[in-house]
Structures are given as structure tokens and as C-alpha cells.
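[1] return a 3D structure for these sequence lines:
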Amino acid sequence: MTHDQTNTSQLSRLPTYFISHGGGPWPWMKKEMGPTYDQLAASLADMPRQIGRTPSAILMVSAHWEAPVFAVQGNPKPPMIYDYGGFPAHTYEVRYDSPGSPQLAQRVQSLIAEAGLPVQIDPERGYDHGMFSPMAAIYPKADVPVVQLSLRRGLDPAEHLALGRAIAPLRDEHVLIVGSGLSYHNLRNFGPQAHGVSKAFDDWLDAAVANGLPTERSAQLLDWASAPAARMAHPREEHLIPLMVAVGAAEAEAGERVYHEETFMGGLVVSSFRFGEAAA
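    Residues are numbered from 1 along each chain as shown. So this is what the prediction gives:
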């Protein structure tokens with residue numbers, strides 16, 4: 001490959017993201033939530049500018065879908081899954097009607113199978129709020145096809161890093177890979193009293209994925225449970241594991257923190273990250 005070809009490849013390759021997706025159907029609760037989500041919404045809305053072009057599709061790995069094997073959403077018109085409780089009645093009628101992509105689902109299935117990982121297509125699965133809440137801020141017109149990809153039960157970090165490596169070629173096919181979770185997710189310890197533990201874990205996370213060497217990042221993530229306040233930040237790690245997929249798909253490339261807030265929901269320290277180069 002020539003130098004010019006390398007540059008062209010790098011320019012065409014989309015970055016990957018791990019985003020903190022907030023709580024429940026927050027984009028449809030501005031009246032109830034006030035400015036709580038303004039910073040997160042702004043960071044998500046800035047992603048199209050960072051990418052520099054509209055991807056052909058988005059592959060979304062949501063914390064809210066686990067399956068016995070890696071499952072790929074094959075539904076051409078995914079329905080809504082209102083997988084939350086205790087929110088206003090109107091939030092159980094919200095719509096985010098982006099099209100699915102059975103063609104992309106087949107491509108994802110093939111890549112994962114070629115890597116020797118267990119995979120199947122789920123022809124019925126709908127969109128959960130780990131997808132439609134952030135996507136309402138990223139592409140509010142719902143005009144970019146989105147396919148969801150599940151986590152695998154057991155939540156093995158190594159297996160999800162391997163999943164990321166398997167689907168990495170999609171980045172050169174104009175598909176944006178997004179891991180959707182939360183950098184801090186302990187619903188029993190939320191708000192100002194959780195500032196210290198969320199900061200301790202977030203500081204470690206930023207050092208590991210954005211300020212450290214990419215060559216050392218995966219090894220650090222494999223040992224994430226030994227990080228400061230790790231199990232206080234993630235008593236169960238389903239909201240962290242999408243990060244492994246985003247990292248695996250950009251394993252040799254630099255990471256950058258693209259969203260950071262010290263007082264989210266009254267005191268939580270939370271972040272989102274991009275891996276690979278931005279266009280702008």
C-alpha cells in the first residue's frame with residue numbers, strides 16, 4: 001500500500017464511539033428534566049460534525065440487550081421497546097422510526113461467524129432505549145439506518161473485545177460502530193453522594209482508554225474490575241461492556257474523551273469516548 005493509499009484509507013475509516021446514553025427516554029422529557037441533559041445532548045449532537053459525513057448505517061451495541069449468543073437485529077422496520085419504568089405516560093408512545101438493514105445484519109453475522117464467535121440473526125427484535133434515546137440527539141430525523149447488536153450473556157470482556165475486532169472492517173464500509181452504555185451505572189448509589197466513587201472510576205477510565213497507549217488499553221480493560229471503585233461504579237457491568245466492543249474495533253488507534261461532566265444528575269462524574277480520528 002502506498003502512502004497516498006494509506007492516507008485515503010484513514011480518511012475513509014469511521015471512528016468508533018462509546019457513549020454514555022443517559023437514563024430512560026430523556027430526550028422526550030425536556031419539560032420534566034430541565035437542563036439536566038443539556039451537556040450530554042450537545043455532545044451527542046456534535047457527533048455528525050466529528051464524523052464529517054453521514055454514515056451509510058449505524059451498528060449500535062446497547063447495554064440493554066443481552067442474548068445467549070451474539071444476536072444481530074434483522075428486522076427491516078424495528079418496533080419500539082419501552083424497556084423502562086416509572087416515566088410519564090407520553091414516553092411510552094415516543095417513536096424513533098429509523099429503518100433497519102437486513103443487508104447489514106447479514107454482513108455483521110458473517111464477520112462475527114468468520115471470527116469463530118457464536119452469532120445468530122434475530123428477525124423480530126426492536127429498538128431499546130439504549131439506542132433510541134441517544135439516537136434522537138445524534139440523528140433527530142431518524143434518517144440513518146440502525147442495526148442493533150447484542151451483548152453476550154456472561155459479559156466476558158475478552159469476548160467483547162474479540163467481537164469488536166471481528167466487526168472492525170465495517171469502519172471501512174461507512175458503518176459507524178457505537179457502544180451505548182454509561183461510564184457509571186449504579187442505580188442504588190446515584191446523585192451527589194456518588195461523586196467520589198464515580199470520579200475515582202472515571203479518572204481511571206480516562207487514563208486507560210484516552211491517555212494511555214493504545215497497545216496497553218485492551219489489557220487494562222480486561223482487568224477493569226481491579227480499577228479504583230470499579231464494582232461501586234458497575235455492580236453489574238452491562239453498561240461498561242459496550243466499551244470493549246468500541247475499543248476492539250479500533251484497537252491500535254488513539255482514544256479521546258468527547259464528553260465529560262462532573263455534576264451529572266446532581267453529582268455524578270461521567271464520560272464518553274471516541275476511538276480513531278475525527279474528520280473535523
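[2] helix or strand for Leu151, which one?
    For Leu151, the element it lies in under DSSP states H and E is strand 146-152.
[3] now do the contacts for Val94.
    Taking Cβ atoms under 8 Å, 6 or more residues apart in numbering, we find Val94 in contact with Pro25, Trp28, Met80, Phe132. In short, each C-beta sits where N, CA and C put it, glycine included.
[4] please report phi then psi for the second one.
    Comment: the main-chain dihedrals of Trp28 come out as phi -100, psi 20, following degrees, to the nearest 10.
[5] need the pLDDT of the closest residue to it other than its chain neighbours.
    With Cβ to Cβ, 6 or more residues apart in numbering as the measure, Val94 is the residue that lies nearest to Trp28, at 4.8 Å, once sequence neighbours are left out. What the model reports for Val94 is a pLDDT of 97.
[6] same thing with Gln10?
    Listed pLDDT for Gln10 reads 50.
[7] tally of neighbours for Leu163?
    28 (other Cβ atoms under 10 Å).
[8] er, Ala63 actually
    When neighbours are defined as other Cβ under 10 Å, Ala63 has 24 of them.
[9] is it in a helix, a strand, or coil?
    Counting by DSSP: H, G, I helix; E, B strand; the rest coil, the backbone at Ala63 sits in strand.
[10] who's in contact with it?
    With contacts defined as Cβ under 8 Å, 6+ apart, Ala63 is in contact with His21, Gly130, Leu151, Ser180, Gly181, Leu182, His185, Glu238, His239, Ile241, Pro242.
[11] shouldn't the fourth one be within a helix?
    No - secondary structure of Ser180, determined by three-state DSSP: strand, with no helix assignment.
[12] pLDDT weak spots in the stretch 101-250 of the chain?
    Counting by pLDDT under 70, the stretch 101-250 of the chain has no low-confidence residues at all.
[13] report the two of the contacts of Val94 separated the most.
    For the contacts of Val94, with distances taken as Cβ to Cβ, the pair at the greatest spread is Trp28 and Met80 (11.6 Å).
[14] ok so, going back, may I ask which of the contacts of Val94 has the most neighbours?
    The most crowded member of the contacts of Val94, judged by other Cβ under 10 Å, is Phe132 (27 neighbours).
[15] that one belongs to a strand, doesn't it?
    No - Phe132 sits outside any strand when classified using three-state DSSP, being helix.
[16] ok, Ala45 - how many residues close by?
    Summarising burial for Ala45: neighbours were counted as other Cβ under 10 Å, giving 14.
[17] grab the nearest non-local neighbour of it.
    In space, not counting the residues next to it along the chain, Ala45 is nearest to Ala137; the distance is 5.2 Å by Cβ to Cβ, 6+ apart.
[18] do Arg165 as well
    Once chain neighbours are set aside, the closest to Arg165 by Cβ to Cβ, 6+ apart is Gly248, at 4.7 Å.
[19] residues near the one you found, how many?
    Using other Cβ under 10 Å, Gly248 has 26 neighbouring residues.
[20] centroid-nearest residue for the chain?
    A centroid search over the chain (Cα atoms, centre = their mean) returns Gly179, at 1.8 Å, as the residue closest to the centre.
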